[in-house]
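J.: Attaching a predicted model along with its sequence, questions to come.
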Amino acid sequence: VYDDLMRMQNHKLNLLEGKISTETGYRPQDYDLLRTLTGHIRSLQRAALLHLRNEDKINDEVLRRLERDLDLYEVQSTTSDHS
């Protein structure tokens with residue numbers, strides 16, 4: 001689950017940075033829509049992590065580490081938006 005979440009986030013960051021995605025070959029033109037979608041994806045990722053923790057599939061330490069990774073990706077995408 002974690003690897004899938006991180007692959008999706010990396011893919012979205014590549015799109016926001018205007019890179020051509022190797023998976024789709026698509027270059028985004030509508031950055032506002034992509035930023036909105038990325039925000040929704042982050043929310044879903046965080047909800048999925050909480051669900052995994054609540055189902056005792058991950059512990060609090062793993063949850064905090066994964067949330068930190070999501071926070072770092074969020075900062076990275078915000079920084080790249082202002083480049």
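T.: Nice, thanks for sending it over.

J.: I'd like to know which elements the longest helix anywhere in the chain is packed against.
T.: In the chain, assigned by DSSP state H, the helix with the most residues is helix 31-54. The helices and strands touching helix 31-54, judged by 3 or more C-beta pairs under 8 Å, 6 or more residues apart in numbering; DSSP states H and E, are helix 2-16, helix 60-81. Bear in mind the C-beta positions are built from the backbone N, C-alpha and C, glycine included.

J.: Point out the most buried one among the ones you listed.
T.: When the helices and strands packed on helix 31-54 are scored by mean count of other C-beta atoms under 10 Å, the highest mean neighbour count falls to helix 2-16 (a mean of 16).

J.: for the record, mean pLDDT for that one?
T.: Averaging pLDDT along helix 2-16 gives 69.

J.: And for stretch 40-49?
T.: Averaged over stretch 40-49, pLDDT sits at 89.

J.: Kindly report the same for stretch 68-83.
T.: Mean pLDDT, stretch 68-83: 75.

J.: follow-up on the earlier one: Serialize the helices and strands packed on helix 31-54 to TSV and add fields for distance to residue 47.
T.: Below are the helices and strands packed on helix 31-54 laid out as TSV (distance: least, C-beta to C-beta, whole Å):
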stretch	distance to residue 47
helix 2-16	11
helix 60-81	11
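
J.: Out of the ones you listed, which is closest to residue 49?
T.: Among the helices and strands packed on helix 31-54, the nearest to residue 49 by C-beta to C-beta is helix 60-81 (5.3 Å).

J.: I am finished for the moment; much appreciated.
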